[in-house]
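Asker: sequence first, then the predicted structure, then my questions.
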Amino acid sequence: MTPARFVVLVAGVVVLLGDAGTVIKSLIVPRPAGHYIALPIRGARAVFRQLAMLARSYDGIDRVLALSEPVALVVQLATWITIALLGFSMVNWGLWGGSFGTAFAEAGSSIFTLGFAISPHTGGHAIDFAAAGTGLVLVALQIAYLPSIYGAYNRRETLVTLLESRAGAPAWGPELLIRHQLIASVDNLPTLFGEWERWAADVAESHTSYPSLLYLRSPRSKNSWIVSLIAIMDAAAIYLALDPDTAPLEARMCLRMGFTSLRDIAVVRSIPFDPDPSPDDPITLPEEEFVNACERLSAIGFPMSRQPDEAWAHFRGWRVNYEAVAYAVAWTINAPPARWTGPRRWAGADSMIPVRPVDRQPSTGAHPG
């Protein structure tokens, strides 16, 4: 064995071990894991982002972006298989020499279980068996990975879809409070906040273990998990700021779990944030927007023990814990341009305003038919 072949053999073993480690960390170990194949996946997402910019409406943008992560998952599998193919090709050539094309054909024949090329060396059969097993295991693990992803996706989207009738589409925090006040169901808010506290905990666990979930979009173009979470947290913060004496404890717990979830995601996505901001730190949302929302709530009789100008400091003290991270996540995943959710990449993406359904009543004294 020449020195060059020995170096290639060692490099091939290192490539295979690195590939195996990445697969295990990504698909088996239930915790966040960085890996060196992120570049092809990010490249696939970037291509779809650029294609989405060609669309003339947000619905068109959403249709293009909906394909991004499914394609990225295919790219992930293809990248793992390609790295394994390269690694076994290097091992074959390092051990037996000859043409690198022959070593590549042998590795490909084994990984894809085609069997048209086998090693003429007795010891090479073990390498062929290992390559064949690697190909089967990679495909099997990726197939087993999808139910875990889509199980978490379905759990996430159930509450997101339910929120549409409560907070509009796209969801907006003040609209959630307005609608509950209009139908005299403010007493149901503690239950809602409790459900979203558990939802946020589930998202913190699943979306850090399976980052693809961050980019999987809702079935309806105006719905989004991050927009819905911001709306719930804003509603809880407004309630606590305007009427702290009657605001439910569940609102405070929901806020705490909400920004804890966002910070866990920020750590995985390398989004910088202040872990202990001061309640007096500035936020991006203008005070005028908050005051306008409070006036709308006051007009329909929402309970308020503080005036908007006094409540603003308390609302800001809550929102400073999650606004920057929430805006960064919404920007990263190209969420719908909902109100109070920050800027977006595409020009002219004005904030969508949720449309409240008309409350139609039957005509008095009217008879069917």
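Answerer: Good, I have the coordinates.
Asker: give me the distance between the host helix or strand of R155 and the centre of its chain.
Answerer: Of the helices and strands defined by DSSP states H and E, R155 is found in helix 124-167. In terms of Cα atoms, centre = their mean, to the nearest Å, the centre of helix 124-167 is found 15 Å from the chain centre.
Asker: same for it, what does it pack against?
Answerer: helix 3-27, helix 68-96, helix 100-111, helix 173-182, helix 189-209, helix 212-215, helix 225-242 (3 or more Cβ pairs under 8 Å, 6 or more residues apart in numbering; DSSP states H and E). C-beta coordinates here come from the backbone N, C-alpha and C atoms, glycine included.
Asker: contacts for the first one?
Answerer: The contact list for helix 3-27 (Cβ atoms under 8 Å, 6 or more residues apart in numbering) reads 1, 33, 35-37, 76, 80, 83-84, 86-91, 93-95, 97, 134, 138, 141-142, 144-145.
Asker: after it, next one along is what?
Answerer: helix 38-52.
Asker: could you measure from V75 over to I178?
Answerer: Noted for V75: a distance of 43 Å to I178, by Cβ to Cβ, to the nearest Å.
Asker: could you check how far the residue most central in space within the chain is from V268?
Answerer: Centrality entry for the chain: nearest residue to the mean C-alpha point is L214, 1.1 Å, by Cα atoms, centre = their mean. Counting by Cβ to Cβ, the separation of L214 from V268 is 9 Å.
Asker: same check on L189?
Answerer: Applying Cβ to Cβ, the value for L189 to V268 is 31 Å.
Asker: so which of the two has more stuff around it?
Answerer: L189 (22 against 16; other Cβ atoms under 10 Å).
Asker: how about that one, what does it touch?
Answerer: 177, 180, 235, 239, 248, 250-251.
Asker: okay if I get these as JSON lines plus pLDDT, neighbour count and distance to L9?
Answerer: Shown next, in JSON lines, are the contacts of L189 (pLDDT from 0 to 100; neighbours: other Cβ atoms under 10 Å; distance: Cβ to Cβ, whole Å):
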{"residue": "L177", "pLDDT": "96", "neighbour count": "26", "distance to L9": "66"}
{"residue": "H180", "pLDDT": "95", "neighbour count": "20", "distance to L9": "67"}
{"residue": "A235", "pLDDT": "97", "neighbour count": "28", "distance to L9": "61"}
{"residue": "Y239", "pLDDT": "97", "neighbour count": "28", "distance to L9": "65"}
{"residue": "P248", "pLDDT": "95", "neighbour count": "19", "distance to L9": "65"}
{"residue": "E250", "pLDDT": "96", "neighbour count": "18", "distance to L9": "61"}
{"residue": "A251", "pLDDT": "97", "neighbour count": "26", "distance to L9": "62"}
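Asker: distance to S363 added to those, as TSV?
Answerer: What follows is the contacts of L189, written out as TSV (distance: Cβ to Cβ, whole Å):
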residue	distance to S363
L177	31
H180	28
A235	35
Y239	37
P248	39
E250	41
A251	40
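Asker: need the overlap of contacts for L214 and V268.
Answerer: H207.
Asker: and the nearest residue to I271 once chain neighbours are set aside, what helix or strand is that in?
Answerer: In space, and not counting its chain neighbours, I271 is closest to A328: 4.8 Å by Cβ to Cβ, 6 or more residues apart in numbering. Element membership of A328 [criterion: DSSP H and E] is helix 323-332.
Asker: for F302, give its distance to A140.
Answerer: Computed as Cβ to Cβ, the F302 to A140 distance reads 54 Å.
Asker: neighbour-wise, which of these two wins?
Answerer: Between F302 and A140, counted using other Cβ under 10 Å, F302 has the larger neighbour count: 20 against 10.
Asker: how many neighbouring residues does the residue nearest to the more buried one when sequence neighbours are not counted have?
Answerer: Here the nearest residue to F302 in space, its sequence neighbours aside, is Q181; by Cβ to Cβ, 6+ apart that works out to 4.7 Å. For Q181, the tally of surrounding residues (other Cβ under 10 Å) stands at 18.
Asker: going forward, the N-terminal residue is numbered 6.
Answerer: Will do, 6 is the new start, and the previous item becomes Q186.
Asker: just the buried residues from the contacts of helix 8-32, in ChimeraX please.
Answerer: In ChimeraX, a selection of the buried entries from these looks like this (16 or more other Cβ atoms under 10 Å):
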select :38,40,42,81,85,88,89,91,92,93,94,95,96,98,99,100,139,143,146,147,150
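Asker: I figured T265 hits E210, correct?
Answerer: No: using Cβ atoms under 8 Å, T265 is not in contact with E210; the gap is 11.3 Å.
Asker: circling back: and T337, which of the helices and strands packed on helix 129-172 is closest to it?
Answerer: The closest of the helices and strands packed on helix 129-172 to T337 is helix 217-220. By Cβ to Cβ, the value is 7.5 Å.
Asker: which residues sit against stretch 136-144?
Answerer: Contacts to stretch 136-144, defined as Cβ under 8 Å, 6+ apart, come from residues 21, 28, 82, 85-86, 89, 93, 112, 115-118.
Asker: got these as TSV, with pLDDT and distance to A60 columns?
Answerer: Shown next, in TSV, are these (pLDDT from 0 to 100; distance: Cβ to Cβ, whole Å):
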residue	pLDDT	distance to A60
L21	90	42
V28	86	35
L82	90	28
W85	90	31
I86	92	32
A89	92	37
F93	89	42
A112	84	41
S115	84	43
I116	86	38
F117	84	37
T118	77	41
